[in-house]
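Novice: Task: produce atomic coordinates for the following.
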Amino acid sequence: MNNETITPELLKQTISFHGHWCPGLAIGIRASEWALQEMGKAPDEEIVAVVETDMCGVDAIQYLTGCTLGKGNLIHKDYGKNAFTFYRRQNGKGARLVARAAVYGDTGGILARLNHKMLGEGLSEEEAKVWRETRAAISKGIMELELMDLFEIKPPVDPIPQMARILAPMVCESCGETVMETRIRHFGGQLLCIPCFDTRENR
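Specialist: Have a look, this model is predicted:
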């Protein structure tokens, strides 16, 4: 890892922001490292990140690059992939980083098995120890890999997303709550928010 881009102190802050250290966070840190080196940190909406997962690494991208959901320059696509596209609006530069399948190494199968068991019947004390050690080893390996060995770097799939728009609020005629105009649904002559629309549609 380029220590001039992400210092040990910044790494510590990122882990604290997320709440724990894990392989997913490590992948997000390394994706952020690439973005910071190639595009810089996002002043307002200049840098855009499109993430194809809701995993731990997205927290690293928000914390380190300045791309956030609230500003509208972090866009989530629920594809379940360790893939991250970064754009710079000023010059149209963009790239899609896809974590290579081999990033978990030979221990990936062990971790997957223990994760599955933990969610079901739970882990024994010895299994929990192996789980912690395996996660730590994979995370360390991810942090030590060269970026080109960690990610396939491809052209973006889509053009740069539009800048976030400030939209007028509307009032749902069922629950009375305000809702963004682009999320309003029409049903039986009424203007409804999505939850109220879903309730009516499913009756």
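Novice: tell me the contacts of G28?
Specialist: Contact partners of G28, counting by C-beta atoms under 8 Å, 6 or more residues apart in numbering, are 55-61, 84. Heads up, the C-betas are built off the backbone N, CA and C, glycines and all.
Novice: per the record, what domains does the chain have?
Specialist: Following automatic domain parsing, the chain resolves into domains at 8-154, 169-201.
Novice: Among these, show me which one is buried the most.
Specialist: Highest mean neighbour count of these: domain 8-154, a mean of 17 (counted as mean count of other C-beta atoms under 10 Å).
Novice: avg pLDDT for that domain?
Specialist: Mean pLDDT, computed over domain 8-154, is 93.
Novice: Identify the residue nearest the residue nearest the centre of the chain in space, chain neighbours excluded?
Specialist: Taking C-alpha atoms, centre = their mean as the criterion, V58 is the residue nearest the geometric centre of the chain, at 2.6 Å. The shortest distance from V58 to any non-neighbouring residue, by C-beta to C-beta, 6 or more residues apart in numbering, is to V51 (5.1 Å).
Novice: what separates the helix or strand containing R30 from the chain centre, distance-wise?
Specialist: Following DSSP states H and E, one finds R30 within helix 23-39. Relative to its parent chain, helix 23-39 has a centroid offset of 11 Å by C-alpha atoms, centre = their mean, to the nearest Å.
Novice: ditto for stretch 103-121
Specialist: 21 Å.
Novice: Give me the residues contacting that stretch.
Specialist: By C-beta under 8 Å, 6+ apart, the list of residues contacting stretch 103-121 reads 23, 27, 82, 123, 127-128, 130-131, 134-135, 137-138, 141-142, 145, 150.
Novice: give me that answer again for 7 Å
Specialist: Contacts to stretch 103-121, defined as C-beta atoms under 7 Å, 6 or more residues apart in numbering, come from residues 23, 27, 123, 127, 130-131, 134-135, 137-138, 141-142, 150.
Novice: after the helix ranked longest in the chain, next one along is what?
Specialist: If you go by DSSP state H, the chain has its longest helix at helix 125-144. Counting by DSSP H and E, the element after helix 125-144 in chain order, helix or strand, is helix 147-150.
Novice: Tell me the first helix or strand C-terminal of that next one.
Specialist: Downstream of helix 147-150, the next assigned helix or strand under DSSP H and E is strand 151-154.
Novice: I61 versus the residue nearest to V58, what's the distance?
Specialist: Distance, V51 to I61, using C-beta to C-beta, to the nearest Å: 6 Å.
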